[in-house]
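**Q** One predicted model, sequence on top.
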Amino acid sequence: MRQLELTYPASYVGHTAWRGEDDDQIGGALEVLSAAVEYLGRKDVIFELNIAKSTLSEAERETNDKRWAAEWIFKVLAMLTLRGDDKSAQLQRELLEAIVRLAPRFVIADANDEPTAEEVDAAERVLAKAKRRRRAA
């Protein structure tokens, strides 16, 4: 008899994606955001977010019930986009991957990467299989 897959409540899954406390995970969104703040410069981020220095520090440590505002994530992503270098692109990808881990049906694909011949063959096999299933139904 096949064992049922364990399901975790959304609160646990969301917490581990945010904090990165899962063994399989490289790092959570909060860790990547902190790295982005350091890379962009704390002073510039504080100015763009229009917050006090202590508010950012408390949000990074999640002390005194201070949390990252969702809007801040998008502003940091925009700042990384404007910076436009390789390190910024890497931080953007890591942050988006931390978010996408919550929806495993999706992946982040780099538009600059061309698919390999093996990847193209695999995609064609999947499409052919889907067509056969539709015809059979």
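**A** That came through, no problem. Residues are numbered from 1 along each chain as shown.
**Q** Which positions in the helix or strand where Ser88 lies come out as buried?
**A** Using DSSP states H and E, Ser88 sits in helix 86-100. Neighbour-count burial for helix 86-100, counted by 16 or more other CB atoms under 10 Å, picks out 88, 91-92, 94-95, 97-99. The C-beta positions use only the backbone N, C-alpha and C, and glycine is treated the same way.
**Q** Adding pLDDT, write those residues out as TSV.
**A** Putting the buried residues of helix 86-100 into TSV (pLDDT from 0 to 100) gives the following:
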residue	pLDDT
Ser88	92
Leu91	92
Gln92	91
Glu94	88
Leu95	89
Glu97	84
Ala98	83
Ile99	84
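**Q** out of the residues you listed, who's nearest Tyr39?
**A** The nearest member of the buried residues of helix 86-100 to Tyr39, counting by CB to CB, is Leu91 at 6.3 Å.
**Q** residues contacting that closest one?
**A** 32, 35-36, 39, 80 (CB atoms under 8 Å, 6 or more residues apart in numbering).
**Q** returning to what we had before: and the two most separated of the buried residues of helix 86-100?
**A** Those two in the buried residues of helix 86-100 that are separated most widely, counting by CB to CB, are Ser88 and Ile99, at 16.8 Å.
**Q** what about the nearest residue to Ser34 once chain neighbours are set aside, helix or strand, and which?
**A** In space, and not counting its chain neighbours, Ser34 is closest to Glu60: 5.2 Å by CB to CB, 6 or more residues apart in numbering. According to DSSP H and E, Glu60 maps onto helix 53-61.
**Q** returning to that earlier point: hmm, Ala29 and the residue nearest to Ser34 touching each other?
**A** No. Here Glu60 does not reach Ala29: they are 11.8 Å apart, not a contact under CB atoms under 8 Å.
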